[in-house]
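**Student:** based on what follows, work out the 3D shape:
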Amino acid sequence: MIAIFTGMRRSEICQLNKSDVVVENGIKCIRVGDGENGQLIKSDSSRRLIPIHSELIRLGFQKFVEETAPGPLFPELKPSKVGDGFHVRWRWFDRAVAREVNQNPGKSFYSIRYSFAEKLTKAGVPSPVRFALLGRQNFVDASLTSSQAFPLIDVLHDVVEKIAYDGVSLEKVMVYLP
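**Tutor:** Purely as a prediction, here's the structure:
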């Protein structure tokens, strides 16, 4: 569910810590970065704050975080030796959740990220804002990804709230989660 409403990479989600869920300018966010517990990111542009979509909160993400002990949010997800280190544990997602969200049995987890990016494009979100949310290297203004200079978190929050999955029963998707 996190990927559906944030566009985060699989490895970024698997490495989340409780301390990565923060409040910035009064907005609940996920902080993506390299830090505690051996977290790694793809590139410097991957460091970012992503506002948490109200639908994620409605589905219980905030409650889940509050009830989780300090440390990794998903301690059961251990790195493997394949790809980004979490490949094997995500096969269930590729078989079930991606099919439901993308309504195409040939889709995989990565298609969720691209679907998120496509929804941003169709909503008319300017490239720099899309790149800031997705942590893409094309995003050149590094000052906008710094939490010290982030008055734009309000803008990012408004953009994230535009994301909707009409015709998809999110409760049905939740059934697939381990």
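**Student:** show me where pLDDT drops low in this protein?
**Tutor:** Applying pLDDT under 70 to the chain flags residues 36-45, 78-109, 137-151, 167-178.
**Student:** need the longest strand for it.
**Tutor:** In the chain, with assignment by DSSP state E, the single longest strand is strand 27-32.
**Student:** residues in contact with that one?
**Tutor:** Contact with strand 27-32 is made by 2, 6, 8, 12, 16, 20-23, 41, 46-52, 57, 62, 135, 147, 153-154, 157, as judged by CB atoms under 8 Å, 6 or more residues apart in numbering. No exception for glycine: its C-beta is placed from N, CA and C like everyone else's.
**Student:** can you list the strands that whatever helix or strand comes next after it pairs with?
**Tutor:** Downstream of strand 27-32, the first helix or strand assigned by DSSP states H and E is strand 48-51. Strand pairing for strand 48-51, using DSSP bridges, gives strand 27-32 (antiparallel).
**Student:** kindly export the strand it pairs with (C-alpha atoms) in PDB.
**Tutor:** Only the C-alpha atoms of strand 27-32 are listed here, as PDB (Å, rounded to 0.1, in the frame of the first residue of the first chain):
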ATOM      1  CA  ILE A  27       2.300  17.100   7.700                       C
ATOM      2  CA  LYS A  28       3.000  13.400   8.300                       C
ATOM      3  CA  CYS A  29       5.700  12.200   6.000                       C
ATOM      4  CA  ILE A  30       8.000   9.400   5.200                       C
ATOM      5  CA  ARG A  31      11.700  10.300   5.100                       C
ATOM      6  CA  VAL A  32      13.700   8.300   2.600                       C
END
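**Student:** count of neighbours near Pro75?
**Tutor:** Neighbours of Pro75 under the rule other CB atoms under 10 Å: 11.
**Student:** hang on, I meant Cys29
**Tutor:** Neighbourhood size, Cys29 [other CB under 10 Å]: 23.
**Student:** skipping its backbone neighbours, what lies nearest it in space?
**Tutor:** Computed as CB to CB, 6 or more residues apart in numbering, the closest residue to Cys29 that is not its neighbour in sequence is Leu49, at 4.5 Å.
**Student:** can you name the residues bridging to the one you found?
**Tutor:** Applying DSSP bridges, one finds that Leu49 bridges with Arg31.
**Student:** list the buried residues of the helix or strand containing Glu118.
**Tutor:** Element membership of Glu118, judged by DSSP H and E, is helix 109-122. In terms of neighbour count (16 or more other CB atoms under 10 Å), helix 109-122 has its buried residues at Phe109, Ser111, Ile112, Arg113, Ser115, Phe116, Ala117, Lys119, Leu120.
**Student:** before we move on, what about stretch 7-23?
**Tutor:** For stretch 7-23, by 16+ other CB under 10 Å, it's 7-18, 20-21.
**Student:** what do you get for stretch 158-166?
**Tutor:** Neighbour-count burial for stretch 158-166, counted by 16+ other CB under 10 Å, picks out Val159, Val160, Ile163, Tyr165.
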